[in-house]
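Trainee: I'd like to go over a predicted model; first the sequence, then the structure.
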Amino acid sequence: MSSMSHTRISFKRAAVILLCLVSIFTLASCGAVKMEQKQIFAMDTVMTLTAYGKKAGEAVDAAASVIYSLQAELDPELPTSTAYAINHANGANVVVSSQIAKMLSTAKTVYDRSDGALDLSIYPVVKIWGFTNGHYYVPTNEELSMQLIRKAYDKMILTSYPATGSYSVSFPADTEISFGAIGKGCAAENAISAMRQAGAESGIVSLGGNVQTLGSKPDGRKWTVTIQDPNNTANWVGTVKVGEMAIVTSGSYQRFFEFDGNTYHHIINPQSGGPVSNSLLSATIICEDGTMADALSTAMFVLGEGRALNYWRTYGGFEMILITKSNQVICTKGLIDVYTPNEAAGNYKVKYSE
Ligand code: AMP
Ligand code: MG
């Protein structure tokens with residue numbers, strides 16, 4: 001009996017010693033860097049926020065808080081939001097924050113360069129299809145025409161007042177905009193800035209199709225970010241190795257509904273008012289600016305393979321991965337040493353484009 005209890009104590013002691021050794025080994029092997037992770041639900045998306053360093057806890061809390069406050073500012077159906085104020089201004093000027101001004105002007109740059117492929121004033125059309133509330137509906141051509149004539153992004157007047165550091169915006173009465181195509185990019189960018197300010201050494205945020213990183217991995221190496229397989233969302237077609245960067249994907253597989261044997265997805269061709277129909281399944285943008293990456297991902301998906309590559313050749317400043325319905329993975333040439341195909345993912349053919 002006594003020898004039994006003695007054996008038990010020795011076993012416990014041995015287990016505690018082993019546990020200590022394992023912890024010491026783990027801390028030593030990862031340089032004793034503290035990691036904190038938080039999952040939140042915002043902007044209709046499950047988001048994972050990860051920070052490293054002594055201030056990791058404060059960093060993920062700060063990131064979550066800027067995301068929640070941006071969500072409240074951008075929801076066009078929330079009467080207290082800035083988006084709501086813009087959509088109900090009846091042509092008057094609305095004072096906006098610097099982050100909203102940045103989104104509006106980034107979207108205007110991409111709107112101008114893409115011949116209106118990205119158009120935040122397409123919101124009434126997105127609404128009629130039911131993508132805003134899940135009450136899906138296939139509109140008639142007449143119903144679409146009535147909403148398409150409300151597009152007015154080219155009429156936006158965005159004014160900055162350098163003396164006070166403030167901004168205002170106006171659109172023609174009856175215009176309605178949404179930040180659906182660009183808001184998560186801004187949220188990821190703000191989350192990373194908040195982590196940095198809170199003292200995180202490094203970090204990564206994943207907001208659905210939007211990933212953005214801070215610094216490099218705690219071991220000093222680059223981050224490995226997976227590019228989702230549009231034909232099997234549990235898998236990935238390949239990975240990219242990046243430093244401090246935003247990686248944003250737009251794809252028809254991300255939100256869609258089926259009706260009468262047809263599939264309708266959420267990225268709208270602002271010319272026709274219908275879901276974009278071209279050779280692409282997804283467009284991924286890799287660039288330093290998260291808001292720009294998000295604006296470009298939607299625009300390049302709308303433009304399609306040929307025009308997207310022309311845009312990249314003309315304006316540059318980003319790298320891109322296009323996945324086509326014929327299983328091609330088209331990478332821009334800056335990704336030659338950055339992209340690694342996943343051999344276990346179907347029979348995709350990788351092509352690098354000049
Ligand atoms: P993303 O996932 O970033 O490509 O954004 C898609 C979302 O942006 C959709 O769910 C719509 O709310 C909105 N949207 C769809 N098509 C367009 C477009 N051509 N221009 C601007 N916003 C769009
Ligand atoms: Mg986008």
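Mentor: Noted; the coordinates are in hand. Numbering: from 1, shown residues only. Ligands and ions are numbered 1, 2, ... in the order given.
Trainee: Name all residues that make contact with residue 171.
Mentor: 86, 89, 91, 121, 152, 155-157, 177 (Cβ atoms under 8 Å, 6 or more residues apart in numbering). In short, each C-beta sits where N, CA and C put it, glycine included.
Trainee: Next: residue 231.
Mentor: 253, 281, 346.
Trainee: Show me how to select, in ChimeraX, the buried members of those.
Mentor: Buried members of those, defined by 16 or more other Cβ atoms under 10 Å, are picked up in ChimeraX with:
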select :253,281
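Trainee: And the contacts of residue 231, which is closest to ligand 1?
Mentor: Using Cβ to the nearest ligand atom, residue 253 comes nearest to ligand 1 of the contacts of residue 231, at 10.9 Å.
Trainee: Test my guess that the closest one contacts residue 280.
Mentor: No - using Cβ atoms under 8 Å, residue 253 is not in contact with residue 280; the gap is 10.8 Å.
Trainee: name the helices or strands packed onto the biggest strand by length in the chain?
Mentor: For the chain, the strand with the greatest residue count under DSSP state E is strand 232-242. Helices and strands touching strand 232-242, by 3 or more Cβ pairs under 8 Å, 6 or more residues apart in numbering; DSSP states H and E, are strand 223-229, strand 319-324, strand 339-341.
Trainee: tell me, which of the contacts of residue 231 make contact with ligand 2?
Mentor: Contacts with ligand 2 are made by none of those, judged by Cβ under 5 Å from the ion.
Trainee: Give the buried residues for the very next helix or strand once past the longest strand of the chain.
Mentor: The element immediately downstream of strand 232-242 (helix or strand, assigned by DSSP states H and E) is strand 246-251. By 16+ other Cβ under 10 Å, the buried positions in strand 246-251 come out as 246-251.
Trainee: Restricting to those, which residues neighbour ligand 2?
Mentor: Answer for the buried residues of strand 246-251 near ligand 2 (Cβ under 5 Å from the ion): residue 250.
Trainee: interface residues of the stretch 251-354 of the chain facing ligand 1?
Mentor: 255, 266-268, 270, 294, 297-298, 302 (Cβ under 6 Å from any ligand atom).
Trainee: Residue 313 belongs to a helix?
Mentor: Yes - under DSSP: H, G, I helix; E, B strand; the rest coil, residue 313 sits within a helix.
Trainee: Distance of it relative to residue 117?
Mentor: Per Cβ to Cβ, to the nearest Å, residue 313 is found 16 Å from residue 117.
Trainee: Pick out whichever of those two has more residues nearby.
Mentor: A count of neighbours by other Cβ atoms under 10 Å puts residue 117 above the other of residue 313 and residue 117, at 24 against 11.
Trainee: about what we covered before: return the member of the buried residues of strand 246-251 nearest to ligand 1.
Mentor: Nearest to ligand 1 among those, with distances taken as Cβ to the nearest ligand atom, is residue 250, at 3.2 Å.
Trainee: Distance-wise, check the nearest residue to the closest one once chain neighbours are set aside relative to residue 37.
Mentor: Closest residue to residue 250 in three dimensions, ignoring its sequence neighbours and counting by Cβ to Cβ, 6 or more residues apart in numbering: residue 297, at 4.0 Å. Per Cβ to Cβ, residue 297 is found 25 Å from residue 37.
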